[in-house]
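Asks: Sequence first, predicted model second:
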Amino acid sequence: MGSLTPVFDDVAAASRRIAGIVRPLTVIDADADLAPSGNISLALECLQHSGSFKARGAANLMAALLAAGRMPRAGIVSATEGNAAIGFAWAASRFDVPATAFLSRSAPPATVRRLRELGAEVRVTGATRAEAQHAARRFQDDTGAIEAYVYDDALTSAGAGTILLELAATRPGLDTVVCAVGAGGMFSGIAAVAEKLSIRVVGVEPEGSQALHAALAADTVREVEIDSVAADSLGAPRVSPAALAWAKTADTRSVVVSDNAIIDARLRLWRHHRLAVEHGSATALAALLVGAYRPRPGERIGIVLCGANTDPADLVR
């Protein structure tokens, strides 16, 4: 089994590093028609800088590297797309660190525009993400830049774990936190805090992208096929070893939901709360709406809405 990283002390250190840099967590109570059982709070990390929780881990990574004098002159390089790339670009801008992003020609134009708006140098190269990653590795070898996405999972996961520190402070007596799972970075950070505070973690994945669920069934990390409406943010083909280790150690549940349930949950968040979130965010709520996770009477639940990098046009059609 993989090592338990990050641990609670890592998250506590991350909280100190990123205080005043990231936006404090906003928490609201879910309306009764959205949460008929009551006692459900929505953690609006979709309001975070860069539009997702990724800003927390990226800020923690930057702050730690700079404090240790380990940030190279070339800064960071990334070859990931979506929320992670945007989060690293935002953090690099915040800390005045050079950022170079390699993207394939199939990358969403909105992502390319957003990265450039944040000051990153964007190099669109190769027909596939694998080719972009290869180009990024050559750049890393030539310049000494740090590959932010894989440099230190513990630092980025610990940054994400600060979500639960703030949620628990806002909602004392919280019993359960529900979060979507992709590669497992946020899940690991949240689980590290949850174990310390005796809070249950429910990890939710789409049926068509269930890397954690499959790893638990096989008792080892394994690659899964991806086919989900939420694949843009939850489309990791495998979960991290740390996430699997935490899932087997802490008080956790792993559940999956259908794409139809995810789509419905996203529409409900818009109609009931005027919250425009990405499908990955709605995945967590879907678990309660369809009964994939059934809370006990009186159970106090927090649902992490982790990102809002979405095209809201289809919400009003």
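Replies: Thanks, I have it.

Asks: A99 and R123 touch, don't they?
Replies: No - applying CB atoms under 8 Å as the test, A99 and R123 come out as separate, 11.3 Å apart. Glycine gets a C-beta too; all of them are placed from N, C-alpha and C.

Asks: Stretch 70-88: how far from the chain's middle?
Replies: Chain-centre distance of stretch 70-88: 15 Å, with CA atoms, centre = their mean, to the nearest Å.

Asks: Next: stretch 94-104.
Replies: Here stretch 94-104 shows a centroid-to-chain-centroid distance of 19 Å under the convention CA atoms, centre = their mean.

Asks: Give the rounded mean pLDDT of it.
Replies: Averaging pLDDT along stretch 94-104 gives 95.

Asks: Repeat that for stretch 157-168.
Replies: pLDDT averaged over stretch 157-168 gives 98.

Asks: about what we covered before: quick one, which of A99 and R123 is more surrounded?
Replies: A99 (27 against 16; other CB atoms under 10 Å).

Asks: residues in contact with the more buried one?
Replies: By CB atoms under 8 Å, 6 or more residues apart in numbering, A99 lies in contact with 75-78, 88-89, 92-93, 118-121, 148.

Asks: what does T26 give?
Replies: Per CB under 8 Å, 6+ apart, neighbours of T26: A43, L44, L47.

Asks: which one of those is nearest S209?
Replies: The closest of the contacts of T26 to S209 turns out to be A43 (CB to CB; 21.8 Å).

Asks: Assign a three-state SS to that closest one, would you?
Replies: At A43 the chain is in strand, as set by DSSP: H, G, I helix; E, B strand; the rest coil.

Asks: Which strand residues bridge it?
Replies: Counting by DSSP bridges, A43 is bridged to V27, V304.

Asks: For burial, what's the neighbour tally of it?
Replies: 26.

Asks: Look up phi and psi at E207.
Replies: Main-chain dihedrals, E207, degrees, to the nearest 10: phi -60, psi -30.

Asks: Doesn't G302 lie inside a strand?
Replies: Yes - under three-state DSSP, G302 sits within a strand.

Asks: any idea how far it lies from R70?
Replies: 35 Å (CB to CB, to the nearest Å).

Asks: repeat for D264
Replies: D264 is 46 Å from R70, by CB to CB.

Asks: Out of these two, name the residue with the larger neighbour count.
Replies: For D264 and R70, the more surrounded residue by other CB under 10 Å is D264, and the numbers stand at 17 against 10.

Asks: List the contacts of G119.
Replies: Contacts of G119 (CB under 8 Å, 6+ apart): A89, A92, S93, A99.

Asks: any idea how far A67 is from it?
Replies: Distance, G119 to A67, using CB to CB: 22 Å.

Asks: What number of residues are in the vicinity of N260?
Replies: So N260, with other CB under 10 Å, has 12 neighbours.

Asks: quick one on the thing from earlier: buried ones among the contacts of G119?
Replies: A89, A92, S93, A99 (16 or more other CB atoms under 10 Å).

Asks: Need the pLDDT of the nearest residue to A79 once chain neighbours are set aside.
Replies: Nearest residue to A79 in three dimensions, chain neighbours excluded: A136, at 3.7 Å (CB to CB, 6 or more residues apart in numbering). pLDDT for A136: 93.

Asks: Secondary structure of A136: a strand, I assume?
Replies: No - looking at A136 with three-state DSSP, it is helix, so not inside a strand.

Asks: Kindly reformat the contacts of A99 as JSON lines containing secondary structure and distance to E225.
Replies: Converted to JSON lines, these look like this (DSSP: H, G, I helix; E, B strand; the rest coil; distance: CB to CB, whole Å):
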{"residue": "G75", "secondary structure": "coil", "distance to E225": "35"}
{"residue": "I76", "secondary structure": "strand", "distance to E225": "31"}
{"residue": "V77", "secondary structure": "strand", "distance to E225": "29"}
{"residue": "S78", "secondary structure": "strand", "distance to E225": "25"}
{"residue": "F88", "secondary structure": "helix", "distance to E225": "27"}
{"residue": "A89", "secondary structure": "helix", "distance to E225": "29"}
{"residue": "A92", "secondary structure": "helix", "distance to E225": "33"}
{"residue": "S93", "secondary structure": "helix", "distance to E225": "36"}
{"residue": "L118", "secondary structure": "coil", "distance to E225": "32"}
{"residue": "G119", "secondary structure": "coil", "distance to E225": "36"}
{"residue": "A120", "secondary structure": "coil", "distance to E225": "31"}
{"residue": "E121", "secondary structure": "strand", "distance to E225": "34"}
{"residue": "A148", "secondary structure": "helix", "distance to E225": "27"}
